[in-house]
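Q: Build me a model from this:
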Amino acid sequence: MSEVDNKLPIALPPGIFRNGTQYQAKGRWYDAHLVRFFEGTIRPVGGWAVMKDASGVDFTLGTGLPRGAHAWRANDSTTWFAVGTVGLDGGANQTKAKALTGQTITDITLGGGSPQVQCTQNGVNAGRAYGQQLFGLGLYGDPGSGAVLTDCDVWSFDNFGEELLAVSTCDGRLMRWDKNIANDLAVVAGAPTGNKGIVVTPERFAFVLGAGGVYRRVQWPDQESLTVWTETSTNQAGSWDLQTSGKILNGKRTTTETLIWTDIDLHVATYVGPPFVYRFDPKCHNCGAIGPHAMTVLGDKAYWMSHDSFYVWDGRVIPIPSEVSDYVFGDIARVQRCKVFAWAVPAFNEVWWFYPSRDVLDKENDRYVVYNTVERHWTVGRFGRAAGAGTTVTLSPILATKGGKLFQHETGEDRDTEVPYVESGPIEIGQGERYIDVQKIIPDEKTVGDATVTFFIKNTPSTSTTETTKGPFSLAQETSARFQARQVRMRIAQNIETGWRVGVFRLEFVLGDRR
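A: Got it, this is the predicted structure:
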């Protein structure tokens, strides 16, 4: 065998490729958990810490399941976070709204004690926490033939200046809260009932969505008002029925317009002034949102998950090419699609979606998919949160678990027992017909030994060929690593809970035998 004569860089493109088999991900990253690709490095996502009150007691949301959240900033620069829970079928007293600021969390549910909002056990809807399939093959996976799907209940929030506006789909009334922790939510007098959501426009109109129980209807009071709902020639109150066969799910505002999603399309509301006040334009068909919280705004663009693809709005609807769409949409439990929720991490140019997989037994979110909106790559992972808000207002994202705990994310390096890793598809490292004999791993200067690399060696592409494992090897310094290979898969994993980085490292080798 000759002396060392080559150094082979291991530099795979950023992002995960899951549209096919592991072998089809040749020369790409194939699987990941709690890692991100950012500015030429692989690194772990930030850790999380449970939120506590001044006495050191964990904040808790009670026994209901989180189904909607919102963060906003008051005029004095204090930040507020609201979250709504929904009870199990028949569990109306679990349907609550809570508000958090600093180290104080307050139950602001309309009516205070039990019963709470009007999700009574005697009503048609008693705070339905789970999506239901009335006919077909059961509660999991795709609907069966003739299935009728009933979505779970959710909360919709927005802020009208400093005030919080809220709608629970099982209650249907528009409620407001004045940011006084001594008060509960109060019903907005004169507003329609039977509503499905709320969004405040850039022009400060309160759009009630699905107003009066009409799934296509948007209704609003006079500008800057929550009390003048009757349309006259001297005000700008009004309503509009969208020209769609879909049902309105939710809305979001950008800096200049208001976006309204149905389950089949997107409509843009543009302010035109009296007498019509708003113009509503459909912008696409078969691009609707998969659920009422499946959309978010990052910068001046909106991103959402549809039923089988992802989209961005930047003045027009653009499908986002995704190298993980086969995996995500083949994995998602569509009956539970109402639980999908999106949030943004501006510091890393990311949009996240949590969703429930087909195999999850408790029907709650247990997977995520992330899109880097600048570098335009994707990653995935097995981890779930039920509701939350990103960092456009709060210093750190606040996310709620299905068990009702609140966590600050992207803070510190504590990730409970979760171990971040990324794993590749096959990488051809042989030189033509020859094997190479790897002798040393040379890490890049960004690595300080807090991650390891493991190689899975296979010298033929046959699926029946058993892989040989070599490692894990430290990426702290030049490390001796003696093995022979033509094809490897690679796994980089966290070794120590730090903000580690892995860039391009090299394999020092000599040419080996011919195959």
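Q: Now do stretch 73-89: distance to the chain's middle.
A: Centroid separation between stretch 73-89 and its chain, computed with C-alpha atoms, centre = their mean, to the nearest Å, is 18 Å.
Q: With stretch 20-31 instead?
A: On C-alpha atoms, centre = their mean, the centre of stretch 20-31 falls 24 Å from the chain's centre.
Q: Now do the buried residues in that stretch.
A: 22, 25-26, 28-31 (16 or more other C-beta atoms under 10 Å). Glycine gets a C-beta too; all of them are placed from N, C-alpha and C.
Q: ditto for stretch 484-497
A: Those would be 484-495, for stretch 484-497 by 16+ other C-beta under 10 Å.
Q: again, but for stretch 232-241
A: Applying 16+ other C-beta under 10 Å to stretch 232-241 flags 235-240 as buried.
Q: among these, which are in helices?
A: Within the buried residues of stretch 232-241, no residue falls in helices by DSSP state H.
Q: JSON lines for those residues, including pLDDT and distance to Ile10?
A: Listed next are the buried residues of stretch 232-241 as JSON lines, based on pLDDT from 0 to 100; distance: C-beta to C-beta, whole Å:
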{"residue": "Asn235", "pLDDT": "96", "distance to Ile10": "66"}
{"residue": "Gln236", "pLDDT": "98", "distance to Ile10": "61"}
{"residue": "Ala237", "pLDDT": "98", "distance to Ile10": "63"}
{"residue": "Gly238", "pLDDT": "97", "distance to Ile10": "61"}
{"residue": "Ser239", "pLDDT": "97", "distance to Ile10": "60"}
{"residue": "Trp240", "pLDDT": "97", "distance to Ile10": "56"}
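Q: Go through those residues and name the one nearest Tyr271.
A: Distance to Tyr271 across those (C-beta to C-beta) is lowest for Gln236, with 9.4 Å.
Q: Any figure for the gap between the closest one and Pro275?
A: 9 Å (C-beta to C-beta, to the nearest Å).
Q: Near the closest residue to Gly213 other than its chain neighbours, how many other residues are there?
A: Spatially, and ignoring its direct neighbours in sequence, Gly213 is nearest to Gly194 (3.2 Å; C-beta to C-beta, 6 or more residues apart in numbering). Counted with other C-beta atoms under 10 Å, residues neighbouring Gly194 total 17.
Q: 50 is where my numbering starts, stick with that
A: Got it, first residue is 50 now, which makes that one Gly243.
Q: how much space between the nearest residue to Thr422 once chain neighbours are set aside and Pro405?
A: Nearest non-adjacent residue to Thr422, counting by C-beta to C-beta, 6+ apart: Asn398, 4.9 Å away. Distance, Asn398 to Pro405, using C-beta to C-beta: 26 Å.
Q: what about these two, which has more around it?
A: Pro405 (28 against 16).
Q: Can you verify my assumption that that one contacts Asp415?
A: Yes. Taking contacts as C-beta atoms under 8 Å, Pro405 lies within contact range of Asp415: 6.2 Å.
Q: Surely Asn142 forms part of a helix?
A: Yes. Counting by DSSP: H, G, I helix; E, B strand; the rest coil, Asn142 is located in a helix.
Q: Model confidence at the residue nearest to Gly262, what's the number?
A: At Gly243, the predicted lDDT confidence score is 94.
Q: and it, which of the three is it?
A: coil.
Q: how close does it sit to Val94?
A: 40 Å.
Q: ok, now Asn229?
A: Distance, Asn229 to Val94, using C-beta to C-beta: 36 Å.
Q: for Val203, same thing?
A: In terms of C-beta to C-beta, Val203 sits 26 Å off from Val94.
Q: okay, the two: which has more neighbours?
A: In this view Val203 and Val94 are compared by other C-beta under 10 Å, and Val203 has more residues nearby, 27 against 24.
Q: Would you mind confirming that the more buried one makes contact with Arg386?
A: No. Counting by C-beta under 8 Å, Val203 stays clear of Arg386, with 11.5 Å between them.
Q: mind showing which ranges of the stretch 50-199 of the chain have poor pLDDT?
A: Residue ranges of the stretch 50-199 of the chain with pLDDT under 70: 50-54, 138-141, 161-167, 169-175, 181-198.
Q: In this structure the residue nearest to Thr422 contacts Val423, no?
A: Yes. Between Asn398 and Val423 there is a contact under C-beta under 8 Å: 4.1 Å.
Q: mind checking the end-to-end distance for stretch 408-416?
A: 11 Å (C-alpha to C-alpha, to the nearest Å).
Q: Next, the buried residues of that stretch.
A: 409, 412-416.
Q: Distance to Pro492, pLDDT and secondary structure added to these, as TSV?
A: Below are the buried residues of stretch 408-416 laid out as TSV (distance: C-beta to C-beta, whole Å; pLDDT from 0 to 100; DSSP: H, G, I helix; E, B strand; the rest coil):
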residue	distance to Pro492	pLDDT	secondary structure
Val409	37	81	coil
Lys412	43	86	coil
Glu413	39	93	coil
Asn414	36	96	coil
Asp415	33	96	coil
Arg416	31	97	strand
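Q: And Ala542, how far from Phe206?
A: 38 Å.
Q: what's the answer for Phe456, then?
A: Distance from Phe456 to Phe206, counting by C-beta to C-beta: 19 Å.
Q: and those two? which has more neighbours close in?
A: Ranked by neighbour count (other C-beta under 10 Å), Phe456 and Phe206 place Phe206 first, with 26 against 21.
Q: what sits against the more buried one?
A: 117-119, 131, 133, 213-215, 247 (C-beta atoms under 8 Å, 6 or more residues apart in numbering).
Q: same question, Asp207
A: 119, 213-214, 247-249, 255.
Q: Can you tell me which of those is nearest Ser374?
A: Using C-beta to C-beta, Val248 comes nearest to Ser374 of the contacts of Asp207, at 27.6 Å.
Q: and that closest one, what are its bridge partners?
A: Phe256 (DSSP bridges).
Q: show me what contacts it?
A: Contacts of Val248 by C-beta under 8 Å, 6+ apart are 205, 207, 256, 258, 299-302, 307, 309.
Q: still on that earlier bit, with the contacts of Phe206 in mind, which one is nearest to Gly176?
A: Closest to Gly176, out of all of the contacts of Phe206 and judged by C-beta to C-beta, is Gly133, at 10.6 Å.
Q: correct me, but the closest one touches Lys145?
A: Yes. Look at Gly133 against Lys145 with C-beta under 8 Å: they come within range, at 7.0 Å.
Q: okay, these two: which has more neighbours?
A: Neighbours around Gly133 and Lys145, counted as other C-beta under 10 Å, are more numerous at Gly133. The numbers are 30 against 24.
Q: Show me the beta-bridge partners of Lys519.
A: Phe504.
Q: meant to ask about Ala351
A: Val346, Trp362.
Q: Surely it is in contact with Thr345?
A: Yes. Using C-beta under 8 Å, Ala351 is in contact with Thr345, at 7.2 Å.
Q: Pull up the overlap in contacts between the two.
A: Shared contacts of Ala351 and Thr345, defined by C-beta under 8 Å, 6+ apart, are found at Lys301.
Q: Pretty sure Ala393 sits against Lys350.
A: No. Ala393 sits out of contact with Lys350 when judged by C-beta under 8 Å, with a separation of 10.0 Å.
Q: neighbour-wise, which of those two wins?
A: Applying other C-beta under 10 Å to Ala393 and Lys350 shows that Ala393 carries more neighbours, namely 22 against 16.
Q: which residues of the stretch 100-249 of the chain fall in strands?
A: 114-122, 128-135, 146-150, 153-156, 181-182, 198-199, 204-209, 212-217, 224-226, 235-236, 246-249 (DSSP state E, counting those that start in this stretch).
Q: May I see those organised as TSV, with distance to Val84 added?
A: As requested, the strands of the stretch 100-249 of the chain are exported to TSV (distance: least, C-beta to C-beta, whole Å):
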stretch	distance to Val84
strand 114-122	25
strand 128-135	27
strand 146-150	29
strand 153-156	32
strand 181-182	35
strand 198-199	34
strand 204-209	31
strand 212-217	36
strand 224-226	39
strand 235-236	45
strand 246-249	34
